[in-house]
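> fold the following, please.
(chains A and B)
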Protein chains: 2
Amino acid sequence: MKIAHRCTRKAALAHPRQGVIAFTRTAALALIALLATVLAHAEDGYDLWLRYHPIADEATRAHYREAASEIVPPEALGRYGPPVTTMNLAQAELTRGLSGLLDRPEPVVPSPTRDGSIVFGTPKSSTLVAKLNLPLRQLGAEGYVIRALTHDGHHITVIAANSDIGVLYGAFHFLRLIQTQQSIDTLNISEAPHVQLRMLNHWDNLDRSVERGYAGQSIWDWHKLPDYLDPRYTDYARACASLGINGTVPTNVNASPIGLTEPYLKKYAALANVLRPYGVRVYLTARFSAPIEIGGLKTADPLDPAVKAWWAAKVDGIYALIPDFGGFVVKANSEGQPGPQDYHRTHAEGANMLADVMAPHGGVILWRAFVYSQDQPQDRAKQAYSEFVPLDGKFRDNVVLQVKNGPIDFQPREPFHPLFGAMPHTPLVLEVQITKEYLGFATHLVYLGPLFEETLRSDTFAHGPGSTVARVIDGTLFHHRLSGMAGVANIGSDRNWSGSQFDQANWYVFGRLAWNPSLSSRDIAEEWAKMTFTNDPAFVEPVVNMMMGSREAAVNYMTPLGLHHQMARTSHYGPGPWVSGGPRADWTSTYFNRAEARGIGFDRTATGSDAVSQYAETVAAGFADLKRVPDEYLLWFHHVPWDYKMRSGRTLWDELVMHYSAGVQAVSDMRKTWDGLQRFVDAERYDETKAFLAIQEKEAKWWRDASIAYFETFSKRPLPSGYGQPEHDLAYYESLCFPYAPGGAPRPKASCE
Amino acid sequence: MKIAHRCTRKAALAHPRQGVIAFTRTAALALIALLATVLAHAEDGYDLWLRYHPIADEATRAHYREAASEIVPPEALGRYGPPVTTMNLAQAELTRGLSGLLDRPEPVVPSPTRDGSIVFGTPKSSTLVAKLNLPLRQLGAEGYVIRALTHDGHHITVIAANSDIGVLYGAFHFLRLIQTQQSIDTLNISEAPHVQLRMLNHWDNLDRSVERGYAGQSIWDWHKLPDYLDPRYTDYARACASLGINGTVPTNVNASPIGLTEPYLKKYAALANVLRPYGVRVYLTARFSAPIEIGGLKTADPLDPAVKAWWAAKVDGIYALIPDFGGFVVKANSEGQPGPQDYHRTHAEGANMLADVMAPHGGVILWRAFVYSQDQPQDRAKQAYSEFVPLDGKFRDNVVLQVKNGPIDFQPREPFHPLFGAMPHTPLVLEVQITKEYLGFATHLVYLGPLFEETLRSDTFAHGPGSTVARVIDGTLFHHRLSGMAGVANIGSDRNWSGSQFDQANWYVFGRLAWNPSLSSRDIAEEWAKMTFTNDPAFVEPVVNMMMGSREAAVNYMTPLGLHHQMARTSHYGPGPWVSGGPRADWTSTYFNRAEARGIGFDRTATGSDAVSQYAETVAAGFADLKRVPDEYLLWFHHVPWDYKMRSGRTLWDELVMHYSAGVQAVSDMRKTWDGLQRFVDAERYDETKAFLAIQEKEAKWWRDASIAYFETFSKRPLPSGYGQPEHDLAYYESLCFPYAPGGAPRPKASCE
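I've put the predicted structure just below:
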């Protein structure tokens, strides 16, 4: 329908100075019908934020047509490819983007012929760019400038970089400005990424299941690789490049040893060939015991020379197939995975062995700090710190430690991980979870920008005030060569990529923050909404507000006031504050909520586990002091009586109930907001979002009701007046069973325990 | 690009008599660019055979525009819906189809205004149809007529039926005639389905894995049902209706008991609401032990009154939610599934108990005959017959027995199942496998039409010559009220639905043959190729030839001359003639090939298992006689020395090698054919098919080489001159291991055994 309008609108607007072709009303109508048919599936979210639909407003479009009147590629482009090169892609993207947005074929000319020329290239590929002497040097291999200037009497805009990938990044930036309808008249932009390793971690298994994936199967069709290259791989790479994501780990951190056998290496190599022109390097997960499982060795002891030799040969083999291979991500001695401790070696000894064999090739080891041991009775929140801080300074310089945003596990809200700031001699990579394992799977609209931002802006006080997590992980605080940010991908085979339309925003905001951790999550949401839907402020404003409030809504209806890890066992689908027993206490909800007759919450002060002591003194003092701890971390750090008087003047119990209820109310409001936006959104994306919001409201109420039903058995207090009792009794909520909830590891036998 | 041409072509063709809108060359070019962008993903196979792209040839299109000039719906249509009704869908389909094919908006008028009117409706909904007194009575609830006639001085075409679904079927038939460019000038078609139950069986698990599925995940997103209805469900229903498929079993025959719990029934009900207007009824698989697992009973004994009461209540509950529920499909006492024999009851006792509780609602029980017992040392090929023939006449009249095409298990070639013709008192449903478990998964181009046709045309001689399987299963041979054909679906979440473009043809040919088992598989292939790609004979002829030869090619490179069940263990991916040992002999290849120094093949004559005796005498005599048995069944029925002289004059060994090699050569030829057809096919579908054919050639060679490498260890004979030795030695082929091959049941631990 939309397209159809475009078609007729164009006909009406056309200027008669060029050759006129008769175009009848009937033909126009036929075209409308035809397009409506052909395009029935066009707007399903597959195009992500790269839609390039024509700018609706005539005057605006006309203005941009003047301001981006033609494209001038580097003269060396004719000598590029095949195969497709990054510079080809930059030209293709500018052509596609400008032709789409400006609703006309964008001319390509060898040199500027008029005002509005868009010149792009590197000093090496373009004489014109070289002549302009732009300040590129300090921008490194991935930065770029976009600058308006006058050349030969024409106002032109130059997109220039030291490298082809910088030019491609600049092209995407330039197009984004038009997509979001910002001025491009007097641009003077210099950009370089603040973070070096900007990586997606796919927890994708070799059977195409995705651990904690809610967007269908893995996009990697391993069985058909390397012979068949799904066009989707290219679309994935392009989307990553549009955000500056420059690394991908296609395989699960819970890795199969078979993933390092020769047939699989060939599959990764084929994939790497597709990703390379988009600047995305392949990394792999390595199972520490692979030398035994596929190498035929008797041990995987990192100090055993045969083990090291095996890894060296394996790594050489990988580089022979993938010359720009990035390195290994390793989950060791965590949740049952093998690791160096199996041989009484330290994490450093394990990581360094791999680092040594990787070093000659320039690869890195991303060693995950997400460890907690069955044998340690210590508060699980403390264990990573306890294990790794003593190792600070003992890692090779091509090892980075990959640390989750909080000390437990991607909860709706956690305080920042105490390792940030605590290992000055080790580069730390921030790992966040883009897939919503603990935040409602695909059907809850939860924009994670504020969560990521909250972590990045947290002040560790490691070097006094201003020692933010962002400055730890961008390497500036402790002057590290390596810096990085990794996001556990929410990408799958679903047509909409991420499980829902709005979950695309979480991929987007991760990429943008990895490029520049100081960006505002609200600005990013606005950018995304404009690109993905429309620039109309009557749409953008309510949608951005809804997105920005959505994470706090989820915190409220799931785990308010510092509660954490309260979900159902195994699947993590829905509430389970009553979960207890099983193989380990620190996999249960009761371990974390500690609800009993007197009160609720985990005492992590000196009178409890003393986890607060892992933070810098200023931070620790604030968390430990009941008077100063922020409400949102109250039950994270303190065990508090039900009648504890909150800052609001209400009792803890009343406050808790009101937070749960506010979460539900917020979702109801989101539904109302969306219902009012139908006119802005194509049918399929509108309907999907509407249906998902209805699910979210139902499940938010479920979370609230089940949690209250459980906790009121301890608090034994009435609900504050005006707040309804849970719809069912506790036994009902406890009886619910979802053995086939998505995202779990494959379970051979469906059961609820 | 294609679309773009259409747009300009239209502009050039437009007749100036109507209001002319200025349409500039620039605007036209812009539109081209725009469409190229927007339509980048349009031709990916999602549209199946229902593409409705404009007829390319001008004169042809002009002719059809005259012959289908306007649509005349029944006057009662205004009173239909919402919700959407079948008659709405008929109109929508005609509008969509004609507007697309004829490249103009098809006018809809209340009564014929000119020659070429397409009138549709039932006598009840349309006064005009009622007045015409068409011979509808004998066409039943699903038949239709399409008839050209003169009315009020206009040449019109009427699509009429007794029921709305008949009208929808007629609409699809009418559109197919135009899609395949047949004359619609003097139509006089009366059609009714030959088979009553035309069903897809999805082997889809509740976790969205698909047993033996090679097209991604299940299309059923159980977790989000009933709240979210993926638009794909509607597209699925429409595709089924276009073929006349009127039943679907969305769940696996290896059923989870949880699939019969209330939450899942609500999911099926939501699905049934989507499918209903398209004439597709929902059936469910029932796990025989469900009364224990979800009913809390101690037994599932079918003669236990409490068990029967439980099933009765369950069935009542299902009908309360799904008033047109079709019935149960049951796999019992087969491959480890529970069943009545667990309680020393017969299959009839088990089926009849369920039939009795289903009968008041009009539902049926489809009881699967695919049984073989671990405890019986009997040739596996004989067991279904041995178990079921004694039960003939003992089943309730709403029980049908669902019998696979052959006595083993969907092999590339099997003789027809001996049960066909052997149970005159029991209606038999033919079960075929559309998904290619044993025929190369998704990447081998194997058109199954000839396989289905071969079974349907097989003469059982049960009532003398002419007692074909088709006449057994369409109910005419033994005069049964119930008749049916079931296909194990190849449908999944892949964008192309079926795993490959050409696998769509297997869904298509199943549906067409289920409607009318006497259709020719070649005609159907031609129809499909025209609808799916183009009517150009330069494309259609080579493609149809390629399709028609493809199944014999697969037989040759996999299991020539009657060999069967020679694939790798568990995954069934690739060759494994050496497979032996394991839990049961009749799951191994050596059990079936019986290769040894003297010869090869399974003696099923009187000197062996005597399976031949299960066929009617005429048939049995032919199979048992080494002089008369067709070459293609030689090693199915006979153990033959390596130097046995074949009809060709060659030794068995030479013939075997030449068949393997011919299979590979045929695939090489298919690749060449496809390479020559690039100009007819859009890029994505062309490239996918090209890549898959390359995989098929590689794997065909693998099958040939591995099989020869194994069998030559027994034959100890040289290959015939000019035939190359296997590329690798036998140990190499035996060492290959694909623990993550798709389509297997979920394996918690990847291994090759």
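
> drop to CA atoms for contacts and neighbour counts, all remaining ones
OK.

> if I look at A:Met558, how far off is A:Asp379?
Separation of A:Met558 from A:Asp379 (C-alpha to C-alpha, to the nearest Å): 22 Å.

> looking at those two now, which is surrounded by more residues?
Here A:Met558 and A:Asp379 are set side by side on neighbour count (other C-alpha atoms under 10 Å in any protein chain shown), and the busier one is A:Met558, at 33 against 18.

> find the nearest non-adjacent residue to that one, please.
In space, not counting the residues next to it along the chain, A:Met558 is nearest to A:Trp703; the distance is 5.8 Å by C-alpha to C-alpha, 6 or more residues apart in numbering or on different chains.

> now A:His154
What sits nearest to A:His154 in space, not counting adjacent residues and going by C-alpha to C-alpha, 6+ apart, is A:Asp115, at 4.8 Å.

> thought that neighbour was touching A:Ile71?
No. In this structure, A:Asp115 sits apart from A:Ile71 without contact. The criterion is C-alpha atoms under 8 Å, and the distance is 11.2 Å.

> so between those two, which is more surrounded?
Between A:Asp115 and A:Ile71, counted using other C-alpha under 10 Å, A:Ile71 has the larger neighbour count: 24 against 18.

> separation between the nearest residue to A:Asp631 once chain neighbours are set aside and chain B?
Among residues not flanking A:Asp631 along the chain, A:Leu561 sits closest, at 5.7 Å (C-alpha to C-alpha, 6+ apart). With distances defined as C-alpha to the nearest C-alpha, to the nearest Å, the gap from A:Leu561 to chain B amounts to 30 Å.

> measure A:Leu561 to A:Arg380 for me?
Going from A:Leu561 to A:Arg380 by C-alpha to C-alpha gives 19 Å.

> try A:Glu75
In this structure, A:Glu75 lies at 59 Å from A:Arg380, with C-alpha to C-alpha as the measure.

> circling back to that earlier point, assign a three-state SS to the residue nearest to A:Asp631, would you?
When the structure is reduced to helix, strand and coil (DSSP: H, G, I helix; E, B strand; the rest coil), A:Leu561 reads as helix.

> so it is in contact with A:Glu632, correct?
Yes. Between A:Leu561 and A:Glu632 there is a contact under C-alpha under 8 Å: 4.3 Å.

> more neighbours, the two?
The residue with the greater number of neighbours, taking A:Leu561 and A:Glu632 and applying other C-alpha under 10 Å, is A:Leu561; the counts read 21 against 17.

> ok, that one - contacts?
Residues touching A:Leu561, when contacts are defined by C-alpha atoms under 8 Å, 6 or more residues apart in numbering or on different chains, comprise A:631-636, A:656.

> please enumerate the helices of the stretch 101-250 of chain A.
For the stretch 101-250 of chain A, the helices defined by DSSP state H, counting those that start in this stretch occupy A:127-132, A:164-179, A:231-243.

> next, work out how far apart the closest residue to chain B within the stretch 301-450 of chain A and A:Glu697 are.
Using C-alpha to the nearest C-alpha, the point where the stretch 301-450 of chain A gets nearest to chain B is A:Thr443, with a distance of 8.1 Å. Shown here: A:Thr443 relative to A:Glu697, a distance of 10 Å by C-alpha to C-alpha.

> just want to know which of those two has more residues nearby.
Summary of the neighbour comparison: A:Thr443 and A:Glu697, criterion other C-alpha under 10 Å, with A:Thr443 having more neighbours (27 against 23).

> wait, what's in contact with the more buried one?
With contacts defined as C-alpha under 8 Å, 6+ apart, A:Thr443 is in contact with A:499-500, A:692-693, A:695-696.

> wait, is it part of a strand?
No. A:Thr443 is assigned coil when assessed by three-state DSSP, not a strand.

> phi and psi next, for the closest residue to A:Ser518 other than its chain neighbours.
Residue nearest to A:Ser518 in three dimensions, not counting chain neighbours: A:Ala470, with 7.4 Å by C-alpha to C-alpha, 6+ apart. Here is the backbone geometry of A:Ala470 (degrees, to the nearest 10): phi -50, psi -40.

> and for A:Ala470, the neighbour number?
By the other C-alpha under 10 Å criterion, the neighbourhood of A:Ala470 contains 28 residues.

> run through the residues that contact it.
Residues in contact with A:Ala470, defined by C-alpha under 8 Å, 6+ apart, are A:455-458, A:517-518.

> surely A:Gln181 and A:Thr534 touch.
No. Distance between A:Gln181 and A:Thr534: 10.3 Å, which falls outside the contact criterion (C-alpha under 8 Å).

> quick check: angle from the longest helix along chain A to helix B:231-243?
Looking only at chain A and at elements set by DSSP state H, the helix with the highest residue count is helix A:683-715. Orientation check (axes from the mean of the first three to the mean of the last three C-alpha atoms, to 10 degrees): helix A:683-715 against helix B:231-243 gives 130 degrees.

> tell me what helix A:683-715 is packed against?
Helices and strands touching helix A:683-715, by 3 or more C-alpha pairs under 8 Å, 6 or more residues apart in numbering or on different chains; DSSP states H and E, are helix A:537-558, helix A:652-675, helix A:730-735.

> which residues of the stretch 351-500 of chain A fall in helices?
With DSSP H, counting those that start in this stretch as the definition, the stretch 351-500 of chain A shows helices at residue ranges A:383-388, A:449-457, A:469-473.

> as CSV, the ones you listed with mean pLDDT would be great.
Putting the helices of the stretch 351-500 of chain A into CSV (pLDDT from 0 to 100) gives the following:
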stretch, mean pLDDT
helix A:383-388, 96
helix A:449-457, 98
helix A:469-473, 98
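
> just the ones you listed: most buried one?
helix A:469-473 (a mean of 28; mean count of other C-alpha atoms under 10 Å in any protein chain shown).

> how about that helix as CSV, C-alpha atoms only?
The C-alpha atoms that make up helix A:469-473 are tabulated as CSV, following Å, rounded to 0.1, in the frame of the first residue of the first chain:
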residue,chain,number,x,y,z
VAL,A,469,33.3,0.9,33.6
ALA,A,470,33.3,2.5,30.2
ARG,A,471,36.8,3.8,30.9
VAL,A,472,37.9,0.4,32.2
ILE,A,473,36.8,-1.4,29.1
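
> is stretch A:209-221 positioned near chain B?
Yes. When contact is scored as C-alpha under 8 Å from any C-alpha of the partner chain, part of stretch A:209-221 falls within range of chain B: A:216-217.

> ramachandran angles for A:Pro257?
Its backbone dihedrals place A:Pro257 at phi -60, psi -30, with angles given as degrees, to the nearest 10.

> now swap in A:Val282 and tell me
According to degrees, to the nearest 10, the main-chain angles of A:Val282 amount to phi -90, psi 130.

> what does the one 3 residues further on give?
Phi and psi for A:Thr285, reported as degrees, to the nearest 10, are phi -90, psi 140.

> related to what we said a few turns ago, any chance of a markdown table for the contacts of A:Ala470, columns distance to B:Asp643?
Shown next, in a markdown table, are the contacts of A:Ala470 (distance: C-alpha to C-alpha, whole Å):
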| residue | distance to B:Asp643 |
| --- | --- |
| A:Thr455 | 77 |
| A:Leu456 | 78 |
| A:Arg457 | 81 |
| A:Ser458 | 82 |
| A:Pro517 | 76 |
| A:Ser518 | 80 |
